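*Asks:* What follows is a predicted protein model with its sequence.
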Amino acid sequence: MGYRIGIDIGGTKCAVLLGRAEKKPQADMAILEKTVFETKKTSGPQEMIGLFTREIDALTERYAASQEGLEGIGISCGGPLDSRRRLILAPPNLPGWLNIPIGEMLEERYRLPVRLENDANACALAEWKYGAGRGCQNLIFLTFGTGCGAGLILDGRLYRGVSDMAGEIGHLRLAECGPVGFGKMGSFEGFCSGGGIHQLAKMMVSERLGIGENPALLQRAGSMEGLSAKLVAQAAKEGDPLAKEIFAVSGRYLGKGLSLLIDILNPQRIIIGSIFERSRELLWPAAEQVIRRECIPFSQKACEVLPAGLGDAIGDYAALSLAGKEE
């Protein structure tokens, strides 16, 4: 099997990777090299693409010239984007990246096929090929980190929608009031993301302060701004009752959102990354109760909910999974 280049473009960090597709007895991907660098938001896309090509050139020189050669380049990036024309349109975390034809630019330079997908879709492909989604024909991958979105594998194919916007579940409103996510109060992302849990913690701590309590969780955080999802999760795991309640609320709304997906799409598996993967024991009991109550029983029994199988390396596998033959 051949070598592949992956580019993971994030709002904070980017990575360029070299991988090799393997068959063991089943498909696998060996990550051979990885270079990580800060996303220079003030420099614009041209300088960043220059960094990508510099790293690709170095990898090509070290590996491709004397070995099997490269099969292609895969790019994972936050949307909105146009995967068919391979354009990065206007990601909110990448100011100045407006209608950037990155696929065409890299294909012209390297004479290799280049594929671009939004990060949730790329993660769905990675889990399907190499992680917890192996063997499934219908699965949903959910991000549960900085934001909340989904990648959909339906009937054995990635489903993008008409304008690459399928799977934007973070925008679904689950309650009239609640934390703000994806520009909408009470949204799926508002309840099920790192920023949403931070907002939820501030709201629930404020309620306690309003009735004269001084929660230990606030003392631990030092300030309202210190109430990060990571800190609240650690406190919950150590038995803090308010922190456990915050995660239970997030879990209940996770259950509401998953119930909608299960009833509409009837998936075999739902795979959830990031915060769910690290704090499943805090979220799943409340989520499972809601799913059992809300879902069509036949659909609920057919669906398994799992943490991401690729762990913290999922972004690496996501970019590399795009570099091979399109499924």
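*Replies:* Here it is on my side, so go on. Numbering: from 1, shown residues only.
*Asks:* Quick check: buried residues in stretch 204-220?
*Replies:* For stretch 204-220, a neighbour-count test (16 or more other C-beta atoms under 10 Å) marks 204-205, 215, 217-218, 220 as buried. In this view, the C-beta of every residue, glycine as well, is placed from N, C-alpha and C.
*Asks:* In helices only, show me these.
*Replies:* Among those, DSSP state H puts 204-205, 217-218, 220 in helices.
*Asks:* Find the residue at the geometric middle of this structure.
*Replies:* Residue closest to the mean C-alpha point of the chain, counted by C-alpha atoms, centre = their mean, is T143 at 3.6 Å.
*Asks:* can you map out the strands along the chain?
*Replies:* When assigned using DSSP state E, the strands of the chain occupy the ranges 3-9, 13-23, 27-38, 70-77, 81-82, 87-88, 114-118, 139-142, 150-154, 157-159, 180-181, 184-185, 269-272, 304-307.
*Asks:* looking at those, which is closest to E168?
*Replies:* Of all those, strand 150-154 sits nearest to E168, with 7.7 Å by C-beta to C-beta.
*Asks:* sorry, back to before: for the residue nearest to the centre of the chain, what are its contacts?
*Replies:* For T143, the contact set (C-beta atoms under 8 Å, 6 or more residues apart in numbering) comprises 119-120, 123, 149-150, 273-274.
*Asks:* Can you name the two of those that sit furthest apart?
*Replies:* Maximum distance among those (C-beta to C-beta): 12.9 Å, for A150 and S274.
*Asks:* Count the residues that sit near Q234.
*Replies:* Number of residues near Q234 (other C-beta atoms under 10 Å) recorded here: 14.
*Asks:* ok, so what distance separates it from E189?
*Replies:* For Q234, the distance to E189 (C-beta to C-beta, to the nearest Å) stands at 22 Å.
*Asks:* same deal with Y130?
*Replies:* 26 Å.
*Asks:* So between these two, which is more surrounded?
*Replies:* A direct count of neighbours by other C-beta under 10 Å for Y130 and E189 places E189 higher, at 27 against 22.
*Asks:* shouldn't that one be in contact with G178?
*Replies:* No: with contact defined as C-beta atoms under 8 Å, E189 does not count as touching G178 (10.5 Å).
*Asks:* What count of nearby residues applies to the residue nearest to V16 when sequence neighbours are not counted?
*Replies:* Using C-beta to C-beta, 6 or more residues apart in numbering and skipping the chain neighbours, the partner closest in space to V16 is E55 (3.9 Å). Using other C-beta under 10 Å, E55 has 21 other residues around it.
*Asks:* thought E55 was touching V36?
*Replies:* No: shown here, E55 and V36 do not form a contact pair, counting by C-beta under 8 Å, at 10.1 Å.
*Asks:* And the helices in the stretch 201-327 of the chain?
*Replies:* Ranges of helices within the stretch 201-327 of the chain are 216-221, 229-237, 241-265, 275-278, 280-294, 297-302, 314-321, based on DSSP state H, counting those that start in this stretch.
*Asks:* show me the contacts for R280.
*Replies:* For R280, the contact set (C-beta under 8 Å, 6+ apart) comprises P307.
*Asks:* any idea how far I271 is from it?
*Replies:* Counting by C-beta to C-beta - R280 and I271 are separated by 12 Å.
*Asks:* Repeat that for I49.
*Replies:* From I49 to I271 the distance is 31 Å (C-beta to C-beta).
*Asks:* So between these two, which is more surrounded?
*Replies:* I271 (30 against 18).
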